[in-house]
Structure formats: structure tokens, C-alpha cells
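Visitor: what follows is a predicted structure for the sequence shown.
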Amino acid sequence: MKIALVGYGKMGKEIEQILIARGHTISLIIDVNNTADLDADHLRDIDVAIEFTTPQTAYGNIVKCIEAGVPVVCGTTAWLDKLPEVEQLCKTKQGAFFYASNYSIGVNIFFEINRYLAELMNRFGEYDVTIEETHHTQKKDAPSGTAVTLAEGILSNLGRKRKWVCGTTTVPEELEIAAIRRSIVPGTHTVTYESDVDSITMTHTAKSRRGFALGAVLAAEFLRGKKGVYSMEDLMRA
Ligand SMILES: NC(=O)C1=CN([C@@H]2O[C@H](COP(=O)(O)OP(=O)(O)OC[C@H]3O[C@@H](n4cnc5c(N)ncnc54)[C@H](OP(=O)(O)O)[C@@H]3O)[C@@H](O)[C@H]2O)C=CC1
Ligand SMILES: O=C(O)C1=N[C@H](C(=O)O)C[C@H](O)C1
């Protein structure tokens with residue numbers, strides 16, 4: 001496939017290595033210095049654009065690609081208030097869009113266990129639940145997109161929690177997310193259920209960015225030739 005890499009930071013460079021290893025061609029690289037090149041002319045022969053930039057720039061980049069008729073795989077976090085607009089644009093333009101807060105296969109298995117455990121815990125009110133995420137100090141957003149997805153999985157399955165908060169809370173209906181920034185950690189997420197007598201802890205630890213990058217390339221291969229909006233649940237069940 002001919003790929004446009006939109007964002008050439010830590011993830012853009014990791015994805016480039018996986019693309020080359022899987023025989024794809026990187027036909028266009030857009031970074032902060034050449035955003036004007038993200039237009040229909042430069043995107044003409046591109047099969048899929050892979051977007052990993054910043055919370056402030058992702059939405060604009062996605063719109064430009066979809067308007068140019070190019071399918072987009074996006075991994076950028078903390079812009080999702082605009083997701084309904086992207087979904088609408090996809091319908092209007094017959095476009096294709098794939099989003100995941102985390103492209104690692106292991107995390108997506110973890111998401112499924114998280115939803116199942118939350119449902120099970122409805123019967124056991126003596127357990128309180130919290131989320132903790134740890135990332136490198138260059139990360140721009142908090143909590144992580146992955147922690148938000150974990151929180152949403154708990155909120156939609158565990159009746160006694162109403163909303164998530166980033167930081168500490170003493171309100172029983174609030175789900176606490178602790179966001180820790182430490183050196184070079186690629187991404188660690190822990191869900192803990194705690195009662196007076198014991199605790200249950202589930203942790204996913206990314207050993208590097210390779211798992212995120214591989215998942216994003218698998219998503220690009222999945223999206224080629226499709227129309228509509230997709231997620232890792234579609235990819236994992238394909
Ligand atoms: N879904 C997933 O699996 C994963 C998601 N992420 C998310 O992906 C995003 C990027 O992460 P990461 O690569 O680590 O971050 P980096 O900061 O390393 O890379 C982002 C890059 O985008 C560039 N950039 C800024 N503005 C634009 C623009 N308008 N167009 C194109 N490029 C631009 C930045 O340039 P400059 O630095 O010069 O401003 C930088 O090189 C984050 O939101 C992160 O949370 C990360 C890992 C996995
Ligand atoms: O910024 C990162 O590095 C990561 N961002 C994603 C997130 O916000 O969840 C995914 C992963 O944890 C790494």
C-alpha cells in the first residue's frame with residue numbers, strides 16, 4: 001500500500017519501521033513543518049493515511065484526508081469531542097475512518113476483560129474500583145486515551161459508578177483515574193478492585209511502542225478499500 005504518515009514523532013517513526021518490514025511504501029510524510037502539503041494534490045495516490053499527531057491538530061488533519069477521499073487510521077488521543085463530526089463527514093463523503101485509543105492487541109484483550117469484570121462486580125458492592133495509568137513525561141494529555149476507554153468500559157457495565165475523574169475523589173459514585181508521568185514509560189494501565197479483605201489487580205504493560213505501531217499498520221491493511229467507521233473490535237473479530 002501507499003501510505004501517508006501524518007505526524008512523524010515517536011509513533012510516526014515506529015510505524016514507519018513496521019510499514020517497511022511489511023512491504024508498504026511511505027509516499028508522503030507530514031509533520032509540523034509541512035502541513036500545507038496535506039491536500040488533495042499530495043494525497044492523490046495514497047491508499048491510507050496514518051495520523052498520530054497532537055490533540056489540537058488531529059481533527060483538522062482527519063478532515064483534510066477524508067475530504068480528499070483518503071481513508072484515515074488515527075491514534076491521536078484527547079480530541080474525541082469532535083468524533084461525531086468525523087462520523088458525519090464520513091457518511092457525507094462516503095469516507096473511511098478507523099480509531100483506537102490504543103492499537104496494541106494486548107490492550108484490546110484487556111479492554112474486553114475489563115468490561116466483563118465490571119459487569120461481574122455489580123453483585124459485589126464491597127469492592128471499590130480505581131484506574132492508574134503511567135506514561136513518559138513527554139505525553140501531552142492526561143488521563144491517557146486508554147485510561148478513558150477503560151473508564152468508559154467500567155461506567156457502562158458497573159451500576160454504582162456514574163462518572164470518571166482524573167485525580168483523587170471521595171465521592172463513591174466517581175471513578176478515580178490516577179495519571180502518573182515518569183521518565184520513559186511507554187504506557188502502563190492498571191485496574192484495581194479493592195475490598196477490606198483483598199484486592200484484584202489487572203495490569204497491562206507495554207514493553208515498547210512496537211505493539212501500538214503494529215496494530216496501527218494492521219488497521220491500515222484492514223481499512224483499505226472499505227467505507228465507514230471502524231474500531232479495534234472490528235479488527236479483532238475479522
Ligand atoms: N492509539 C495508540 O495506540 C497510541 C496513541 N498515541 C497518541 O498518538 C499521539 C502522538 O504520540 P507520539 O508520536 O508519542 O507524540 P510525538 O509528540 O512524539 O509526535 C507527534 C508529532 O506530530 C507533529 N505534529 C504537530 N502538529 C502537527 C500537524 N499539524 N501535522 C502533522 N504533524 C504534527 C509533532 O511535531 P512537533 O513535535 O515538532 O510539534 C510531532 O513530531 C498522542 O496523542 C498519543 O497519545 C501514542 C501511542 C499509541
Ligand atoms: O502518548 C502515549 O505514549 C500513549 N498514548 C495512548 C493513550 O493516551 O492511551 C496509548 C498508549 O498508552 C501510549
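Guide: Sure, I can see it. Ligands and ions are numbered 1, 2, ... in the order given.
Visitor: spatially central residue for this protein, please.
Guide: residue 101 (1.2 Å; Cα atoms, centre = their mean).
Visitor: ok, the closest residue to that residue other than its chain neighbours to residue 121 distance?
Guide: With Cβ to Cβ, 6 or more residues apart in numbering as the criterion, residue 101 has its nearest non-adjacent residue at 3.3 Å, and that residue is residue 145. Backbone N, C-alpha and C define where each C-beta goes, glycine included. To residue 121, residue 145 is 23 Å away according to Cβ to Cβ, to the nearest Å.
Visitor: the residue nearest to the centre of the chain sits in which helix or strand?
Guide: According to DSSP states H and E, residue 101 maps onto no helix or strand at all.
Visitor: what residues are up against it?
Guide: Contact analysis of residue 101 by Cβ atoms under 8 Å, 6 or more residues apart in numbering lists 75, 77, 144, 145, 146, 148, 149.
Visitor: where does it land on pLDDT?
Guide: pLDDT, residue 101: 98.
Visitor: same question for residue 54.
Guide: 98.
Visitor: is it in contact with residue 76, as I believe?
Guide: Yes. Assessed by Cβ atoms under 8 Å, residue 54 is found in contact with residue 76 at 6.7 Å.
Visitor: where does the protein get nearest to ligand 1, residue-wise?
Guide: Proximity of the chain to ligand 1 (Cβ to the nearest ligand atom) peaks at residue 9, 1.8 Å away.
Visitor: so which bits of the helix or strand containing residue 229 are buried?
Guide: Secondary structure assigned from DSSP H and E places residue 229 in strand 228-230. In terms of neighbour count (16 or more other Cβ atoms under 10 Å), strand 228-230 has its buried residues at 229, 230.
Visitor: in its sheet, what does that strand sit against?
Guide: Strand pairing for strand 228-230, using DSSP bridges, gives strand 96-99 (parallel).
Visitor: C-alpha coordinates for the partner strand, CSV please?
Guide: What follows is strand 96-99 as a C-alpha-only set of coordinates in CSV (Å, rounded to 0.1, in the frame of the first residue of the first chain):
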residue,chain,number,x,y,z
ALA,A,96,-13.4,5.5,5.8
PHE,A,97,-12.1,6.1,9.3
PHE,A,98,-10.5,3.9,12.0
TYR,A,99,-9.9,5.0,15.5
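Visitor: can you give the contact residues for it?
Guide: 62, 66, 71-75, 80, 83, 86-87, 90, 219-220, 222-223, 226-231, 235.
Visitor: ok, now with 7 Å
Guide: 62, 66, 71-74, 86, 90, 219, 223, 226-231 (Cβ atoms under 7 Å, 6 or more residues apart in numbering).
Visitor: on that earlier part again, residue 54 and residue 76: who's more crowded?
Guide: Set side by side, residue 54 and residue 76 show more neighbours around residue 76, with 25 against 16, by other Cβ atoms under 10 Å.
Visitor: in this structure that one contacts residue 50, no?
Guide: No. Residue 76 is beyond contact range of residue 50, at 10.5 Å (criterion: Cβ atoms under 7 Å).
Visitor: tell me the domain boundaries of this structure?
Guide: 2-103+210-236, 105-205 (automatic domain parsing).
Visitor: most tightly surrounded among the ones you listed?
Guide: Counting by mean count of other Cβ atoms under 10 Å, domain 2-103+210-236 has the highest mean neighbour count of the domains of the chain, with a mean of 18.
Visitor: and that domain, does that touch ligand 2?
Guide: Yes. Domain 2-103+210-236 lies within reach of ligand 2 by Cβ under 6 Å from any ligand atom, at 77, 101, 102.
Visitor: skipping its backbone neighbours, what lies nearest the last one in space?
Guide: Taking Cβ to Cβ, 6+ apart as the measure, residue 102 lies nearest to residue 146, with 4.3 Å between them; neighbours along the chain are not counted.
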